[in-house]
Each structure stands twice: as C-alpha cells, then as structure tokens.
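Chemist: here is a sequence together with a model predicted from it:
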Amino acid sequence: MATEQKKTLDKEIVIQAIIDSFKKLNPLTMIKNPVMFIVEVGTFITLILSLAPGAFGASTVSREYNIAVFLVLFFTVLFANFAEALAEGRGKAQADTLRKTKSDTIAKLLQKDGYIKEVSSTQLRKGDIVRVDAGDVIPSDGEIVEGLASIDESAITGESAPVIKEAGGDFSSVTGGTRVVSDYIIIKVTTNPGESFLDRMISLVEGASRQKTPNEIALTTLLAVLTLIFLFVIITLVPLATYLNVTLDIATLIALLVCLIPTTIGGLLSAIGIAGMNRVTRFNVLAMSGKAVEAAGDINTMILDKTGTITFGNRMAAEFVPLDGILEQEVTFAALQSSVRDETPEGRSIIELANSLGINWSEYEYHDAEIIEFTAETRMSGLNLPDGTQIRKGAVDAIKKFVTGQNGSLPRDLEDKASHIAKAGGTPLAVAVNNKVFGIIYLKDTVKPGLKERFAELRAMGIKTVMCTGDNPLTAATIAQEAGVDEFIAEAKPEDKIAAIKREQAQGKLVAMTGDGTNDAPALAQADVGLAMNSGTMAAKEAANMIDLDSDPTKLLSVIEIGKQLLITRGALTTFSIANDIAKYFAIIPALFIMALPQLNTLNIMNLASPQSAILSALIFNAVIIPLLIPVAMKGAKYKPMSANRLLSRNLFIYGLGGVAVPFVGIKVIDMILSGLL
Ligand SMILES: Nc1ncnc2c1ncn2[C@@H]1O[C@H](COP(=O)(O)OP(=O)(O)OP(=O)(O)O)[C@@H](O)[C@H]1O
Ligand SMILES: [K+]
Ligand SMILES: [Mg+2]
C-alpha cells in the first residue's frame with residue numbers, strides 16, 4: 001500500500017518535472033546557469049539553420065544534419081532542466097503535505113479583561129496571549145507561559161508519541177499546527193502570520209528560499225570561465241580552417257563547443273545541491289541553508305551541551321540530603337521555600353517531591369517575598385523573605401560563594417555528599433538559609449541511549465566531541481564517560497560555550513554545536529553548524545541554522561555524512577565531466593579536418609563511420625549522460641567513513657578514469673547504431 005502510494009507520487013513528480021523542464025527554457029531562468037545558457041543559444045541558432053540552412057552564409061551540410069544537431073541540443077537543455085525540476089519536485093511534494101496541516105484554526109485569544117475572544121489564527125500577532133485546550137490545534141508558534149500539556153507534534157515531526165511541554169525551562173516552546181492532547185496551556189505568541197516555523201519549513205523544503213552556496217557560486221564561476229575559454233578556442237578555429245581550406249559549418253562548430261564545455265556538471269550542479277537538502281529533510285532535520293549542510297561535511301569538532309542534549313533533560317528532584325546536624329525536614333522545607341516561585345522544571349520537581357513527603361505549606365505566605373529567579377550566570381535561585389531571611393539553592397560552588405560571602409563556614413560533609421551524587425551522574429543543588437548550608441537536593445537525569453556508538457563513529461571520521469555544560473566537573477565527568485565524548489568542559493556559562501567554539505575556530509577548525517537551551521543560543525549562532533533540538537527553546541531554534549525535529553544530538557552524524565556526500569558528488573561529477581573531453585577531442589577534431597588533412601586519420605583511433613556521424617555521436621553522448629547521471633546526483637556518490645585524502649584520491653581515480661574511458665565506449669556504440677540506421 002505504502003509503496004503503491006509512493007509509486008503514484010513518483011509518477012506525479014516525474015510528470016510535473018517534465019512540464020517544468022519546458023517552463024525552465026525561459027532565457028531569464030537559463031542565464032543563471034551560464035553553461036546551459038550557451039547550449040540554449042546554440043539550440044536557437046541551429047533551429048534557424050534547420051529552417052533556413054543559408055541564414056548565416058553558404059552551407060555545405062544538409063538540412064537533416066542541422067535538424068539533428070538542433071534536436072540533440074534541445075534535448076541537452078531539457079535533460080538538464082529535468083534534473084533540476086525532478087530534485088525540486090521531491091521537495092514540493094513534501095511541502096504540499098506540510099501545507100495541509102496549515103489550515104486556519106480558531107484561536108482563543110485572552111483579552112485584558114480576562115475574557116476569551118475567538119479569532120482566526122491568521123489574526124494573531126507577536127505577544128498575544130492564547131489559551132489552548134485539549135483537542136485544540138495550537139494556532140501559532142509560542143512560548144508556554146502557564147501550564148503543562150502533552151502535545152502531538154506528528155504533523156511536523158512524523159513522530160506519533162506525544163511530547164510533554166511546560167512553562168519555564170528548556171521545554172517551553174510550541175509549534176503552530178501541532179495539537180494539545182491533554183490538559184491546557186496558555187501561550188504567548190512568538191511569530192506574526194507568514195513567519196511561523198511551519199511557513200519557514202514549507203519554503204525551505206520547497207526550495208523557495210534556496211540560495212546558491214559560496215562553493216556552488218565558485219564552481220559556477222569556474223565553469224563559466226571554462227565555457228568562455230572554449231568559446232574563444234572554437235572562434236580561433238575559424239581562421240585556421242580557412243587557412244587549411246576547410247569549411248567549418250556553423251552547426252558543427254556549435255556541436256563542438258557544446259561537447260567541450262562542461263555540460264554534464266553544468267546540467268547537474270543545482271540538482272546535486274537540492275537533492276542534498278532533501279536528504280537532510282528526510283532525516284527530519286531542517287537546514288536553513290545549503291551552506292550549513294556543506295559546512296557539516298567539513299566539521300572537525302562537535303560541541304554538545306549536556307542537559308537536554310546528551311541527557312533527556314528532565315532533571316527531577318529525587319532526594320533531599322541533610323548535612324550533619326540538620327534534620328531532613330529542615331532541608332526539605334528550605335528546598336521547598338527556595339522553589340515556591342521557581343518556574344523551571346527543576347524547581348517544580350522539588351515542590352512535587354516535597355509535597356509527596358507531606359510538607360505542609362501555603363503559597364499565600366510567600367506572596368510578598370522577593371523572588372530571585374534562576375539564571376545561567378548566577379546558577380542559583382530562591383527568595384528573600386520580608387524579615388530579611390535569604391533562602392537559596394543552586395550549583396554547589398555558587399552556594400559556597402554565597403555562604404562565604406556572608407562570613408558563613410562550609411560544613412565538612414558538604415563536599416563528600418555532593419560528590420557522591422555527582423559521581424553517580426546526578427546534579428547536586430546545595431540549599432542554604434542565610435549563611436548556613438542545610439543540605440543537598442539530588443537532581444537525577446538520564447543519558448539518551450545509543451550515544452556511545454555514534455560518538456565512536458564520529459571519532460572514526462576524525463571528529464572530536466566536546467561536552468560543554470553548566471553543571472559541576474564531577475557530574476560532567478560521569479556523564480561524559482557514560483556518553484563516550486572525547487572531552488568535557490564543566491561549569492560553563494553561556495560565554496564560556498562561545499569561547500570554546502571560538503578557540504577551535506581560531507585553530508582553523510569548523511565547529512558544530514548542538515544545544516537546546518536559551519543559554520545555548522549565542523553559541524549556536526557562533527558555530528559554523530548550529531543544530532538545535534526541536535524540544536528546545538525558541539531562542540535556541542532561532543539562533544541555529546539547523547533544527548532536529550527528533551531532538552537527537554547524534555543526528556548531526558547523518559547531516560555530516562550528507563554534507564560530505566554532497567561535496568564528494570559535486571567533485572566527482574566535475575571530474576567526470578571534464579575528463580569526458582578527451583574522448584570528444586578524439587571523436588570530433590579528426591572528423592573536422594580529415595577532409596583537408598588526410599594525415600589526421602592516424603588520430604581517428606575510434607574509427608568512426610563518417611565525420612558527421614562522429615560529431616552527432618559525441619553530441620548525443622554528451623546529452624544522454626545527463627539523465628544517466630541523475631541517479632548519482634540525487635542519491636549522492638557512495639560514501640564510506642575514511643580520511644578525506646584517501647577519499648579524494650579514490651574518487652579522482654574512479655571518476656577521472658571513468659570519465660576518460662566511458663565516452664570512448666559510449667560514442668563508439670552510438671556511432672555504430674547511427675551508421676546502422678542511416
Ligand atoms: N532552577 C534552578 N535553581 C537553581 N540552580 C539551578 C537551577 N537549575 C539549574 N541549576 C544549577 O545551575 C547549573 C547550570 O544550569 P544551566 O541550565 O545553565 O546549565 P545546564 O543546563 O546544567 O547545562 P547544559 O549546558 O549542559 O544544558 C546547573 O548545573 C545546576 O547546578
Ligand atoms: K560537454
Ligand atoms: Mg541546557
């Protein structure tokens with residue numbers, strides 16, 4: 001059933017691509033591809049010659065020959081257009097599926113007076129507050145400001161298991177077009193109509209916003225220069241031929257030119273780029289630019305944050321550990337007090353644990369307390385009571401500074417008890433009341449499965465992995481060991497993450513960063529490849545140049561492979577295209593001059609039937625090689641993890657040698673068929 005559906009889809013894509021190949025004949029479109037534009041100009045001239053053979057002066061060739069050259073040239077252009085249209089078609093089909101999820105929905109807009117007004121989702125603006133109940137489609141991208149709900153994101157991720165999203169922390173962003181399955185949430189709209197995540201995703205997969213990468217521009221320029229050189233060579237042939245008393249016919253000169261200019265790579269170049277982007281999307285990764293995908297192919301260092309990227313990130317309070325001389329109830333109460341207004345998931349898990357231990361309290365008692373919100377800079381949170389009591393929880397070293405800053409002393413067992421938790425991979429949060437440390441909160445998190453194997457693969461490719469975390473060195477060491485990263489940096493503030501990236505970049509390395517938190521956003525922007533987890537915050541997703549819809553940090557490995565494959569495919573087909581010329585020289589040059597210079601017959605090693613059939617055979621080969629190589633352009637050249645140098649020499653060998661040999665065989669076979677037919 002599924003394959004049946006795919007087949008009809010493929011058929012539709014092919015039919016559409018054929019139609020688009022003709023639409024792309026528009027010279028204004030063609031001029032963006034200088035190589036194929038020259039072929040189109042040649043097609044036009046030979047069309048005139050087919051209608052009026054004497055249009056540009058006396059001619060020695062038959063009308064049929066002119067028509068044959070015209071037809072082959074016309075198909076050469078169509079084949080190149082078809083390659084590009086086919087690559088675009090796959091993306092368009094994906095975009096259509098996405099568009100279906102983008103129907104207008106009714107939004108429950110919360111007004112200033114507290115009443116709900118129903119409006120169309122297209123009327124929502126940045127900053128609007130909306131209520132979304134179970135069963136409702138989320139009307140716009142937003143940040144949850146209140147509540148917790150399970151959300152079905154299958155419309156964008158294809159993953160059917162609902163995910164939990166909640167206010168505060170790193171899991172607070174929601175995407176328009178997804179559906180709330182249980183509970184309700186209040187969201188603050190973060191995008192205006194037309195700029196949403198889904199809109200961007202549609203225009204990305206459709207290729208509407210596709211821009212040529214710097215590499216592509218460089219190659220296009222190189223190909224254009226080569227084309228100019230060959231044009232010049234062909235023009236200088238004319239006086240030479242006159243001197244030798246040979247008449248070179250215009251159709252033949254055009255055929256020769258088209259055979260020599262790099263039409264194979266010129267025709268397939270943009271298809272290679274588009275297909276590479278499509279492959280990335282098929283892995284459920286949204287790449288904002290082709291440049292990012294290409295950069296991924298050359299990555300040397302990968303930096304990952306810990307919580308939410310290497311671990312699941314649902315750090316939950318598991319235990320309250322009192323220090324010597326403190327009652328368990330005392331730590332529990334202080335931990336609870338420090339968290340009454342802490343909206344982070346960590347904070348709320350502390351309240352839950354305290355409640356489950358039967359602590360009696362009322363939120364009302366804290367309404368005039370001063371809230372100290374958690375920040376990645378201070379790594380602490382808590383509150384100041386009206387009587388001046390300061391209650392804090394946070395990273396152990398941060399609390400130590402807080403306490404010693406008020407002339408407090410550090411209990412002896414603090415270090416031991418904290419490191420016990422850290423060595424188990426947990427995060428210890430110390431709790432202090434004024435200048436006295438009461439105890440430790442044990443936050444538990446789990447490492448995502450399967451990371452070790454994939455990091456080992458990265459190592460085999462020569463890519464270094466570095467975990468960069470705000471957590472303490474002991475916890476970091478345990479998690480780094482468990483996940484199998486090469487290095488780690490602990491107690492990193494947001495600017496330390498950027499510094500780590502800049503350090504690598506200063507050594508000439510290309511750096512990829514994966515992260516999910518608001519504190520990761522600057523680093524994601526600094527990295528050459530920034531991959532944000534879809535589970536993460538809007539800030540992270542906006543700063544990144546790629547988003548993994550499955551929130552799997554090792555997905556970068558697949559993107560790296562696709563990037564490498566893209567670069568290899570482009571290089572391989574360029575080599576092949578240029579190597580092809582050798583055989584064409586041997587096919588065409590003797591054919592041109594044989595009449596005047598019989599000595600050249602020794603060059604006619606291909607022993608082709610007649611000069612005209614030799615030229616047509618070379619031209620036909622030049623045309624059909626484009627569709628024959630479409631599968632390579634779409635799927636990418638074979639890639640095996642090995643060093644870049646070995647890979648390069650291997651490909652030069654295969655595609656260089658193949659590029660020299662294949663056309664000798666191909667042209668000979670076409671010549672035999674042609675002379676048989678005529
Ligand atoms: N709600 C909170 N209140 C007080 N301290 C906290 C809170 N949440 C985290 N911390 C402490 O602050 C440290 C830094 O947290 P932050 O979220 O910046 O980094 P992280 O998420 O642990 O690291 P990563 O960069 O790997 O995601 C944590 O390791 C923890 O010790
Ligand atoms: K060519
Ligand atoms: Mg984080």
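Modeler: Cool, got the structure. Ligands and ions are numbered 1, 2, ... in the order given.
Chemist: OK, now which residue of the stretch 401-550 of the chain is nearest to ligand 1?
Modeler: Using C-beta to the nearest ligand atom, the closest approach of the stretch 401-550 of the chain to ligand 1 is made by Gly470 at 2.6 Å. No exception for glycine: its C-beta is placed from N, CA and C like everyone else's.
Chemist: my read is that residue is in a helix, agree?
Modeler: No. Under DSSP: H, G, I helix; E, B strand; the rest coil, Gly470 sits outside any helix and is assigned coil.
Chemist: excluding its backbone neighbours, what's nearest Thr191?
Modeler: Leaving aside its sequence neighbours, Thr191 sits nearest to Asp141 (C-beta to C-beta, 6 or more residues apart in numbering; 4.6 Å).
Chemist: so the residue of the stretch 401-550 of the chain closest to ligand 1 is in contact with Glu491, correct?
Modeler: Yes. Using C-beta atoms under 8 Å, Gly470 is in contact with Glu491, at 6.8 Å.
Chemist: mutual contacts of the two, please.
Modeler: Counting by C-beta atoms under 8 Å, 6 or more residues apart in numbering, the common neighbours of Gly470 and Glu491 are Ala395.
Chemist: out of those two, which sits in the busier spot?
Modeler: Between Gly470 and Glu491, counting by other C-beta atoms under 10 Å, Gly470 is the more crowded of the two (24 against 15).
Chemist: got a pLDDT number for the residue nearest to Thr191?
Modeler: On pLDDT, Asp141 comes in at 90.
Chemist: and for it, the neighbour number?
Modeler: Residues near Asp141, counting by other C-beta under 10 Å, number 26.
Chemist: let me see the ranges of the helices in the stretch 1-150 of the chain.
Modeler: Secondary structure of the stretch 1-150 of the chain, counting by DSSP state H, counting those that start in this stretch: helices at 2-23, 27-30, 34-51, 63-100.
Chemist: residues in contact with Leu231?
Modeler: Going by C-beta under 8 Å, 6+ apart, Leu231 touches Ile38, Leu257, Ile261.
Chemist: what about it, is that helix, strand or coil?
Modeler: Secondary structure state of Leu231, per three-state DSSP, is helix.
Chemist: so how far is ligand 3 from it?
Modeler: 57 Å (C-beta to the ion, to the nearest Å).
Chemist: that residue and Ser613: what is the separation?
Modeler: 25 Å (C-beta to C-beta, to the nearest Å).
Chemist: ok, Lys635 next?
Modeler: 34 Å.
Chemist: also Asp128?
Modeler: Here the criterion is C-beta to C-beta. By it, Asp128 lies 72 Å from Ser613.
Chemist: same check, this time on Val189
Modeler: Distance, Val189 to Ser613, using C-beta to C-beta: 69 Å.
Chemist: please apply the same query to Ala376.
Modeler: Taking C-beta to C-beta, one finds Ala376 at 74 Å from Ser613.
Chemist: tell me which of those two has more neighbours.
Modeler: Ranked by neighbour count (other C-beta under 10 Å), Ala376 and Ser613 place Ser613 first, with 21 against 15.
Chemist: tell me the contacts of that one?
Modeler: Ser613 makes contact with Asp671, Leu674, Ser675, Leu678, according to C-beta under 8 Å, 6+ apart.
Chemist: from what I can see Leu248 touches Thr236, true?
Modeler: No. Using C-beta under 8 Å, Leu248 makes no contact with Thr236, being 11.4 Å away.
Chemist: comparing those two, which residue is more hemmed in?
Modeler: A count of neighbours by other C-beta under 10 Å puts Leu248 above the other of Leu248 and Thr236, at 18 against 10.
Chemist: quick one: pLDDT of that one?
Modeler: You'll see Leu248 listed with a pLDDT of 79.
Chemist: same question, Thr76
Modeler: Looking at Thr76, the pLDDT reads 97.
Chemist: so it sits against Val258, correct?
Modeler: Yes. Contact criterion C-beta under 8 Å: Thr76 and Val258 qualify, at 6.7 Å.
Chemist: just want to know which of the two has more residues nearby.
Modeler: A direct count of neighbours by other C-beta under 10 Å for Thr76 and Val258 places Val258 higher, at 29 against 26.
Chemist: does the more buried one touch Ala618 like I think?
Modeler: No. Val258 is not in contact with Ala618 according to C-beta under 8 Å; the separation is 9.4 Å.
Chemist: hey, what's in contact with both of these two?
Modeler: Contact with both Val258 and Ala618 is made by no residue, according to C-beta under 8 Å, 6+ apart.
Chemist: quick one, helices of the stretch 151-300 of the chain?
Modeler: With helices called from DSSP H, counting those that start in this stretch, the stretch 151-300 of the chain shows them at 154-157, 197-206, 214-243, 250-260, 263-282, 290-296.
Chemist: flag the shaky bits of the protein, pLDDT-wise.
Modeler: The chain contains residues with pLDDT under 70 at 1-9, 58, 103, 208-209, 595-596, 600-601, 603-604, 641-645.
Chemist: now with 50?
Modeler: For the chain, the stretches flagged by pLDDT under 50 are 1-4.
Chemist: where do the domain boundaries of it fall?
Modeler: Following the TED database, the chain resolves into domains at 11-94+205-280+560-677, 125-192, 285-310+448-549, 312-446.
Chemist: I figured Asp305 hits Gly515, correct?
Modeler: Yes. Asp305 is within contact range of Gly515, at 4.3 Å (criterion: C-beta under 8 Å).
Chemist: I'd like to know how many residues surround the nearest residue to Lys291 once chain neighbours are set aside.
Modeler: Nearest residue to Lys291, sequence neighbours excluded (C-beta to C-beta, 6+ apart): Thr213, at 4.5 Å. Thr213 is flanked by 19 other residues according to other C-beta under 10 Å.
Chemist: how close does Thr213 sit to ligand 2?
Modeler: Going from Thr213 to ligand 2 by C-beta to the ion gives 23 Å.
Chemist: check Thr602 too.
Modeler: For Thr602, the distance to ligand 2 equals 25 Å [C-beta to the ion].
Chemist: repeat that for Phe283.
Modeler: Computed as C-beta to the ion, the Phe283 to ligand 2 distance reads 34 Å.
Chemist: now Leu244
Modeler: According to C-beta to the ion, Leu244 and ligand 2 sit 25 Å apart.
Chemist: that concludes my questions; thank you for your assistance.
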